[in-house]
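Novice: attaching a predicted model along with its sequence, questions to come.
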Amino acid sequence: MKKLKLFVACLITIFATSCEKPGSQGIGLNYNTLRDGFQTPADSVKPWCYYYWIGDDISKEGLTKDLEAMKEAGIGAALIGNINPDEKDGKVPLFSEKWWEIMVHAVVEGKRLGVDIGIFNCPGWSQSGGPWVKPEMAMRYLTYSETKINGGRNITLQLSKPTAEFQDTYVLAFPSIAAESKRLIADNSTIRIQPSVGNSEKLIDGNNSTATGFPKSVEKFQIDIKSQVSIKARSVKIIPSKDAFKVKCDIYAEVDNSFNLVKSLIIDRSKLSPNVGADQYAPVHIAIPETDAKNFRLAFQALGGTFKSNTYPNAKVDKWQLSEIIISEAAGLDSYAEKSLAKLHPTPFPSFVSYLWDTQPDVVQNDLSISSKEVIDLSDKMDADGNLIWDAPEGEWTIQRYGMTPTGTKNAPAAPQGKGYEIDKMSEELVRFHFDQFVGEFLKRLPEESKSAFKYVIADSYEMGSQNWSDDFQQKFQDKYSYDPKPFLPTYSGRIVQSVDASDRFLWDVRRLVADEVAYEYVGGLRKVSNEHNLQMWLENYGHWGFPSEFLMYGGQSDLVSGEFWNEGTLGDIECKAASSAAHIYGKPRVSAEAFTAAYQSYLRHPALLKKRGDWSFTEGINHFVLHLYIHQPDDNRKPGVNAWFSTEFNRHNTWFEQSKAWMTYLRRNQHMLTQGQYSADVAYFIGENTPIMTGTRNPELPQGYSYDYLNAEVLLNRVTVKNGRLTFPDGMSYGLLVLPPVDNMRPSVLEKIKSLVQAGANIYGAPPTTSPSLENYPESDAQVQTMAAELWGEQTDQPLFRSFGEGHVIDNMSLKEALEKIDLKRDLKLDGDYKILWTHREADNGDIYFITNQSDDVLNISPSFNVQGMKPQLWDAVTGEIRALPVFKETDGYTTVPLSFEKDQSFYIVFSETDLDSKYDSNFPEAQITTSIEGSWEVDFLNKDIGPKGPVTFNTLSDWNQSDSDAIKFYSGTANYSTTFEMGEISPNQIYMIDLGQVSVMGTVTLNGQEVGTTWIYPFQLDVTNQLKQGKNELVVKVANLWRNRLIKDKMLPENERYSWHIVDDIKPNEEPPSAGLLGPVSIKSISKTRQ
């Protein structure tokens, strides 16, 4: 937002504490370039598409036609994914010579047509694997076998392998914890389950291979375990068996003849595949307050939400099972399976707190934990066959044979010959090896003259879970944290080493290192090797199944970063901001989105239905669409052709695709505008340092009228300085306030940088950290954090805090709105009232661009106030390409208020520029008057004679095809030409004339007097016909396309051998009514008076 130079100078001088935006770091807008790129968008702002080859059903001829159709529609790049949902060979098997020829043909044709090509880095959409990945190259996790022995003697024994595919790492021994043997088991206890189920005694038989089943038809179960002996219970361990489940679990103990609640929790094992945890049936370990009792009760209440994935379906069984319930005197580390990444969040949407746990009270007795000094490394005493020879000291010892085993995740969905283990995500060397096997092999086959069309290597959203060890993990760990991780490895089995706090800190260090390594070794490694071959890496920086990294750092290592949104539902609500924040803070101008992914509803969607969600994504920071999905159509005999359950059908066989160029132009105009200047942001929400993390948190929520990004520790440490009281980045991004997350930990290096930023003039909001989360340099690290926190925040009270420190301020114990007012950070856009209006702002030194979208189904008349002065507003309409002045506005107190009017789903750019335009109209939104109503009959020619009427049909009045008595019209799918004539009176040079089609289902291209006017695809269905309209007789043709769904409904009623259409995914419902179709009207010519001179 720009201020007059003198005003800015005075403001900075008078209000030294203000953090108003200081401009946009020397970024200027060339008005002519901005205007020309809007009215005639450049090739560089074309949308791209995912281009899936489904089931190896491919052909050169179909590929050429696909790319030609993309070129004509305005798609700039095709990102090829070899997707095989059935995971079986197709007509052209993957890796056959013919398949390679067609892959090469794609690049050759892309070069000819000017359509760039990218390929997914392996078969399937996720993630990076293949048959070339051997077990020792795969993603692996640390597992172990365990043996207990009595010492004081020389022992020789063979230690078992826990899995067949196993790489030895360490053999460790430590004094056994006596409390582990003090537990309720069948020898000293009885068990009763209500309602009764079979094999209840299996829950306490000490055998993990047996199980008890719980019918899913029953919501609540009560399990009573009664013992002959009293124990001091400190933990409950629940070991799952088969099948996913999610329950509320209440644990009770009988004390003084009354059952008292000891602990309540949610156990969510609603997905069991290896991509949400390599240890599929890892124990649920629950630390409880020390409780002296004989009798215990567990109450289970089944909860909904067990996820059934189309790609990774759970077994459809009528019960869920548990192997063991162990109530023990052993303390153990709460949630150790999750903390060690053996289990991960089981839904697609981990929240900010999904990997945060309540603080577990420390153990008081030393014999409940292991001293790190007592952990003995016996690795050199075991031979390759697992034979251990050891002179064991006195006492009982627990020996663990540790090693790595593959997590089990494989790239998917892919043909059998293209499927294999996922490559180690913490080894750049192995990532490079993986690249060579697929992308590298492809590069070898490309002719040199066509290689320039091959531009991108694709990594889709992460769906492959975590690993928690790798070949050089120990060395990297020691280099990073300056201590040896080996003595703390018993925490992987739930033991407490040193203390609960030390054990938690160690596992925090593990998770943080995994997150960093996945970002740098996997993403960074794949980017580097791609760049070495003149390719760019394109990445979605989040993951819906077991994302192990930190979303900002993960995205920051790629060349290009992308979010994702689905047309229906909420998927995208965190993904798009994840991508735009990463792009903004790592200096990446383009922010892509996998756009309009969808579930089922085959051939029901069209551009008008997509617009609202697409516009929403623009306000989340997206400025480039990758359409999901163009599916390869190998021939013209099967129409509408190959489809899938997970996409909008962007392909040449779709009825409206040929006319979609008008919508593509709309997208291109938006993508042009939203890459101009600099994203204007007010607040940076720091995400903290805890991992894994897929989203930040806005806690507290940002008041209306401001904008934000998420920010991580890496950029805070390495890319942020302070300029004019704002956190400022080298590429121009800046923020007026840093909001700390609602966590109490921070490493000293990060707090030290925050301290230096505040000293230099930055403003921070939030409570002080009290500890470091890491075991590195502990306990000195905690003392450093507490000392710096005291310097910054001063003495802690619950009173509002606005504390000066150096040139900046520390703010706490007040609302965020109050904090923003304290630092004089004004709202960027003010709008009174509760409207479904969203917006985003791009700024430059000499202009401001606001995108505003009406997300409601109502007409809205609003008067937003923009934090701009000294420039006049203009309206830029990306649907039509129109640019005009908005003559009615007022300036007050540094704001410019502009009356605006929106139809449903409508959006505009409000551009403030130093370039003035002559006013086209006297008001901002003049009312159009009907000049001529076109009410006569229409001749309608249905162009597909195979399924429509054989000759033209006269419509005396316009009506919906789905109301026709003729099945050839009611169930017609395709295009039809509406023709009529009308008389026009005198044409005034002081009028703008529009044709208004009323309602069109779903798109219409208008030709008037032999001249094509344009295509209209969204309400209001209007086009400017001032240059085509003439006095007297006018000839009008409207070419209308409807949806394929109409014909699919008809064919569903017919035997298969009588059907005209062919598609794969059929979700047509019995007796489904065909959707609206055709030109519905009323059609008229409207006029608007120009400005009176």
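Specialist: Received it, and whenever you're ready, just let me know what you need.

Novice: CA only for contacts and neighbour counts going forward, please
Specialist: Noted.

Novice: okay, residue 219: pLDDT?
Specialist: Residue 219 carries a pLDDT value of 96.

Novice: and residue 959, how far from residue 1071?
Specialist: 22 Å (Cα to Cα, to the nearest Å).

Novice: and these two? Which one has more around it.
Specialist: Comparing residue 959 with residue 1071 by other Cα atoms under 10 Å, the one with more neighbours is residue 959, at 16 against 10.

Novice: ok, now which ones touch that one?
Specialist: 1078-1080 (Cα atoms under 8 Å, 6 or more residues apart in numbering).

Novice: can you rerun that using 6 Å?
Specialist: residue 1080 (Cα atoms under 6 Å, 6 or more residues apart in numbering).

Novice: and it, what helix or strand is that in?
Specialist: Residue 959 belongs to no helix or strand when assigned by DSSP states H and E.

Novice: could you do residue 524 as well?
Specialist: Counting by DSSP H and E, residue 524 is found in helix 524-531.

Novice: in stretch 801-810, what's buried?
Specialist: Residues of stretch 801-810 classed as buried by neighbour count (16 or more other Cα atoms under 10 Å): 801-802, 804-805, 808-810.

Novice: show me the contacts for the most far-flung residue of the chain relative to its centre.
Specialist: What lies farthest from the middle of the chain is residue 153; by Cα atoms, centre = their mean that is 57.4 Å. Shown in contact with residue 153 (Cα under 6 Å, 6+ apart): 391-392.

Novice: so it bridges to which residues?
Specialist: Listed by DSSP bridges, the beta-bridge partners for residue 153 are residue 392.

Novice: do you know how far it is from residue 227?
Specialist: To residue 227, residue 153 is 36 Å away according to Cα to Cα.

Novice: next SSE after the strand ranked longest in the chain?
Specialist: Secondary structure of the chain per DSSP state E: the longest strand is strand 220-240. Counting by DSSP H and E, the next helix or strand C-terminal to strand 220-240 is strand 245-255.

Novice: elements contacting the next helix or strand after that next one?
Specialist: Under the assignment DSSP H and E, the closest C-terminal helix or strand after strand 245-255 is strand 258-269. Counting by 3 or more Cα pairs under 6 Å, 6 or more residues apart in numbering; DSSP states H and E, the packing neighbours recorded for strand 258-269 are strand 245-255.

Novice: swap the cut-off to 10 Å and go again
Specialist: Helices and strands touching strand 258-269, by 3 or more Cα pairs under 10 Å, 6 or more residues apart in numbering; DSSP states H and E, are strand 245-255, strand 284-302.

Novice: adjacent strands (with direction) for that strand?
Specialist: strand 245-255 (antiparallel).

Novice: chain center to the partner strand, what's the gap?
Specialist: 34 Å (Cα atoms, centre = their mean, to the nearest Å).

Novice: quick one: low-confidence parts of the stretch 301-450 of the chain?
Specialist: 305-317 (pLDDT under 70).

Novice: contacting residues around the residue most central in space within the chain?
Specialist: Using Cα atoms, centre = their mean, the residue of the chain that lies closest to the mean C-alpha position is residue 575, 2.7 Å off. Taking Cα atoms under 10 Å, 6 or more residues apart in numbering, we find residue 575 in contact with 349, 461, 540-544, 551, 562-565, 593-594, 620, 694-695.

Novice: 6 Å - rerun?
Specialist: By Cα under 6 Å, 6+ apart, the residues touching residue 575 are 563-564.

Novice: cool, and residue 33?
Specialist: Counted by Cα under 6 Å, 6+ apart, residue 33 has zero contacts.

Novice: now it, what's its secondary structure?
Specialist: Following DSSP: H, G, I helix; E, B strand; the rest coil, we place residue 33 in the helix state.

Novice: okay, it: pLDDT?
Specialist: 96.

Novice: over to residue 760?
Specialist: 99.

Novice: skip the chain neighbours and tell me the closest residue to it.
Specialist: Spatial nearest neighbour of residue 760, excluding adjacent residues (Cα to Cα, 6 or more residues apart in numbering): residue 807 at 5.4 Å.

Novice: so how far is residue 698 from residue 1030?
Specialist: Distance from residue 1030 to residue 698, counting by Cα to Cα: 57 Å.

Novice: over to residue 1081?
Specialist: To residue 698, residue 1081 is 46 Å away according to Cα to Cα.

Novice: sorry, back to before: inside helices: which ones of the buried residues of stretch 801-810?
Specialist: Among the buried residues of stretch 801-810, the subset assigned to helices under DSSP state H is empty.
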